[in-house]
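*Asks:* build the 3D model from these lines:
(2 chains)
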Amino acid sequence: MLETHEKQLEELLAHPSVWRGRSRAAVETFPTGFAALDAGLPGGGWPRHGLVEILTPQPGVGELYLLLPALAALSRLLPARWCTWVSPPHEPFAPALAAHGVALDRMLIVRTHLPLWAHEQALRSGACEVALAWLPRASPRAVRRLQLAAEQGRALGVLYRSQKFASEASPAMLRVLLEPMVAAGRQGARLTLLKSRGGSREPIDLTWAAAAA
Amino acid sequence: MRHARKSLFEPGDVSAAPSVLRVRPAPPPPTGPGSSGQAALELDPRELWIAAHVPHLSLLSLPAGSSPAPLVVLDEARNPRIVDADARAQAAGVRIGMTLGAALAAAPHIDARPRDAARELALMQRLAGIAAAFTPQVSIEAPDGLLLEIKPSIRLFGGLKELCRQLRAACLADTAFARSGAQPHFTLAPTALAALAAARAGARCFITDPRQLPARLKLLPAGVLRWPEDANARLLAMGVRTLGDLLRLPRAGFAKRFGPALLADLDRLQGRSADPRRRITRRERYAGRVDLDHEIEDHDRILEALRPLLDELEQFLRRRQRGITALQCRFHHYRAAPTTCALRLAAPEADAARLQSLLRERLASLRLPEPVRRCELRGGVLTQRPLASKPLWPAGERGHAPANEMPALIEHLRARLGADAVYGIGRVPEHRPENAWRLTEPALAPVVSKDAAGDSSVSAPFHRPLWLLHAPQELDSQRGRPRRGGALELLAGPELIESGWWDGADARRDYYVADDARGSRLWIYRECAGARKWFLHGIFG
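*Replies:* Take a look at the predicted model:
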């Protein structure tokens, strides 16, 4: 008798829309290209659609290397959707991107004084696989809009923000704090999942194998 | 809110394109130009031509304003002749073809005006535009005739009678054409020239059988062929007054006296030889206007007022299965100069709702100096619009094929942010980093094969940063060592890049990879000449 109840309960809890504190949410994911990170992330990779926040103490600490394998893989999917960069801090250097296997003809750069609006349009349109945005500031309400847009357009939205927003609440699906780490001459980074649906709570150390030097 | 709306489909330029030459079996050699022998009997009515003749076109095309005196129209020759005269002038003795002097002698009080060829052509183009709804083969027979080949359209319009009825009704329904007072005379015949001749003569002619052609043509005056004047005069001297007389003449003698060109005309008249006509293709634009009852400043209200025009534009485009890639909106104010708002689209578009949403974005970045009194909408050149089915799967699903989401997104972003704000990137085989990439127009074609998805030929060790600064940033230095919030630690280098001595942007630089104190990896260089300053050029990201 008790066993059947337990079984029924199990079945109920296995439903994808039920999520419990420690359990891993059933989300569609794709590999990040880093084995250590895949192991730590819920679902074993970046979510296929939703909003990811990447917080860094300063630009240039490896925030792009973190996404590069995924970008390369996504830009070569067939049929390929686009990857939109909304107000990046510098020019993405085409030869370097191409050398890392990113298909350049699927890249779209948007320079704007309205990054929030442009990012939302890109996510909502359904034309983009990934939309990266560098936002100086974004209210939790705006981030919530982006999260909804990403779900609607079935796109992965990536929000690069400063570390000082780490203490703010955010409706993003996944929040990652990225800190540079130089160990034994190899460049790498330490990742902390500030918010995730069942991801690892230990910091994850990565080294950029593909990086320079 | 009511708006007085006025719109017209501008005919634009009319350019001639050759029609398809109809190939027909060679007829047996005829015995004479007029013999109604076997040749004409065997003719299959492969073609059916409707001719429309607008009587008194020159008079109708004169600028408006009635004159109390009898009106005559003169041609542009140095010694002007009368090309058209109204009923009062004709009653006073003025005949078409007279010189002005002769006409003035007959009736000294006439009002003589030069003909307005441009307006005549515009009126005929208007008529051609109406006729183009019935067949693609429409040609203007200057100055006052129009030819339509309607054989292939008969079934579509439910029979010949019905087609003719609809054609007449369309002429009456077109207000601009009806207002001009033109009453075209329509005829139907198996050859173009026969239909035209009957129409010019004002005769009733509705025949589909080539065998009836000679009997019908017999009574028409020979002048309707509009041959050169001396030929007409000679025919008259020979006692040839009607086409019947003309067709009875012996073929060889006719060719000798009048030349092969006129003989060929007679053959075409009877359907003995092909008579291809140059069909006109119209480059149409849409133009619409809405006069507002009161002045509006609110963007939403302006869009609301524009909506009927956009709907009309959509109808206009859908009927032609075309799209536009440019749209111009003009807002007229009370005092200030009109504000123009131009929209450029990445892909041909015909959907009113989409155009409206793009205009909304465009308007959001537009400053109107004054409230708007009148809006004008002008469509760009019509372009082919590929008709695609809507995808079954939503975007992002496995089965989904990318449709027009990307052009739509690009247009949407560009409408608000400007055309320069959205671009793609590409590689250039160049050593100088700032020249090794370029802006590109986003490639809109969907990538379908693996090979097309960029090449991965460069995967060798490649010490290039992911970020390049817009312009190199000068770094402080201390005893020849670069600093950026602390001394930089050089990890790799130097790598000499020396290039561009030929185009004036000579660069000789030693590049290094360096780490700064906060953990960022930088790409810096030192000039090899001059002050040997340090610059930051890239960030590895």
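*Asks:* list the buried residues of stretch A:146-157.
*Replies:* Buried residues in stretch A:146-157, counted by 16 or more other CB atoms under 10 Å in any protein chain shown: A:146, A:147, A:149, A:150, A:151, A:152, A:153, A:154, A:155, A:156, A:157. Yep, even glycine has a C-beta here, placed from its N, CA and C like the rest.
*Asks:* now swap in stretch B:235-243 and tell me
*Replies:* Neighbour count says stretch B:235-243 has B:235, B:240, B:242, B:243 buried, by 16+ other CB under 10 Å.
*Asks:* for stretch B:181-188, same thing?
*Replies:* B:182, B:184, B:185, B:186, B:187, B:188.
*Asks:* list the contacts of the first one.
*Replies:* By CB atoms under 8 Å, 6 or more residues apart in numbering or on different chains, the contact list for residue B:182 reads B:54, B:57, B:60, B:123, B:127.
*Asks:* so which of the residues you listed comes closest to chain A?
*Replies:* Minimum distance to chain A across those is 45.7 Å, recorded for residue B:127 (CB to the nearest CB).
*Asks:* just the CA coordinates of the one helix or strand that closest one maps to, formatted as CSV?
*Replies:* Using DSSP states H and E, residue B:127 maps to helix B:117-131. What follows is helix B:117-131, C-alpha atoms only, in CSV (Å, rounded to 0.1, in the frame of the first residue of the first chain):
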residue,chain,number,x,y,z
ALA,B,117,1.4,65.5,-75.9
ALA,B,118,2.4,64.7,-72.3
ARG,B,119,-1.2,64.9,-71.1
GLU,B,120,-2.4,62.8,-74.0
LEU,B,121,0.2,60.1,-73.2
ALA,B,122,-0.8,60.2,-69.5
LEU,B,123,-4.4,59.7,-70.4
MET,B,124,-3.6,56.7,-72.6
GLN,B,125,-1.4,55.3,-69.9
ARG,B,126,-4.3,55.6,-67.5
LEU,B,127,-6.4,53.6,-70.0
ALA,B,128,-3.6,51.1,-70.4
GLY,B,129,-3.5,50.7,-66.6
ILE,B,130,-7.2,49.8,-66.6
ALA,B,131,-6.7,47.4,-69.5
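*Asks:* remind me what that helix packs against, helices and strands.
*Replies:* helix B:57-60, strand B:138-141, strand B:145-149, helix B:160-173, helix B:175-179, strand B:278-282 (3 or more CB pairs under 8 Å, 6 or more residues apart in numbering or on different chains; DSSP states H and E).
*Asks:* neighbouring strands for the helix or strand just after the last one, and are they parallel or not?
*Replies:* Towards the C-terminus, the helix or strand next in line after strand B:278-282, according to DSSP H and E, is strand B:285-296. For strand B:285-296, the paired strands and their directions (DSSP bridges) read strand B:4-10 (antiparallel), strand B:372-379 (antiparallel).
*Asks:* how far does the helix or strand following strand B:285-296 sit from the chain's center?
*Replies:* Sequence order places helix B:299-320 as the next helix or strand after strand B:285-296, per DSSP H and E. In terms of CA atoms, centre = their mean, to the nearest Å, the centre of helix B:299-320 is found 20 Å from the chain centre.
*Asks:* assign residue A:52 to helix, strand or coil.
*Replies:* strand (DSSP: H, G, I helix; E, B strand; the rest coil).
*Asks:* show residues contacting the strand or helix carrying residue B:267.
*Replies:* Take DSSP H and E as the rule and residue B:267 turns out to sit in helix B:260-270. Contact with helix B:260-270 is made by B:30, B:33-34, B:40, B:191-194, B:197, B:213-214, B:217, B:225, B:227, B:231, B:243, B:246-247, B:251, B:254-255, B:273-275, as judged by CB under 8 Å, 6+ apart.
*Asks:* keep the residues you listed, but drop any that are not near chain A.
*Replies:* For chain A, no contacts are drawn from the contacts of helix B:260-270 by CB under 8 Å from any CB of the partner chain.
*Asks:* so where's chain A shaky on pLDDT?
*Replies:* Residues of chain A meeting the criterion pLDDT under 70: A:1-2, A:16-26, A:182-187, A:209-213.
*Asks:* which residue is nearest the centroid of it?
*Replies:* residue A:52 (3.9 Å; CA atoms, centre = their mean).
*Asks:* hmm, it is touching residue A:173, no?
*Replies:* Yes. Here residue A:52 lies in contact with residue A:173, judged by CB atoms under 8 Å, at a distance of 6.5 Å.
*Asks:* go through stretch B:306-321 and flag the buried ones.
*Replies:* Buried, per 16+ other CB under 10 Å, within stretch B:306-321: B:306, B:307, B:308, B:309, B:310, B:312, B:313, B:314, B:316, B:317.
*Asks:* ok, now how distant is the first one from residue B:430?
*Replies:* Residue B:306 sits at a distance of 47 Å from residue B:430 (criterion: CB to CB, to the nearest Å).
*Asks:* and the third one, by the same measure?
*Replies:* When distance is defined by CB to CB, residue B:308 is 53 Å away from residue B:430.
*Asks:* before we move on, what about the last one?
*Replies:* Going from residue B:317 to residue B:430 by CB to CB gives 44 Å.
*Asks:* need the contact list for the residue in the stretch 201-350 of chain B that chain A sits nearest to.
*Replies:* Proximity of the stretch 201-350 of chain B to chain A (CB to the nearest CB) peaks at residue B:346, 11.3 Å away. The contact partners of residue B:346, taken as CB under 8 Å, 6+ apart, are B:325, B:407, B:410, B:411, B:414, B:442, B:444.
*Asks:* helices - which of those land there?
*Replies:* If you go by DSSP state H, the contacts of residue B:346 have B:407, B:410, B:411, B:414 in helices.
*Asks:* mind listing what the last one touches?
*Replies:* Remark: with contacts taken as CB under 8 Å, 6+ apart, residue B:414 is in contact with B:344, B:346, B:421, B:422.
*Asks:* the first one against residue B:326, yeah?
*Replies:* Yes. Contact between residue B:344 and residue B:326 holds when scored by CB under 8 Å: they sit 5.4 Å apart.
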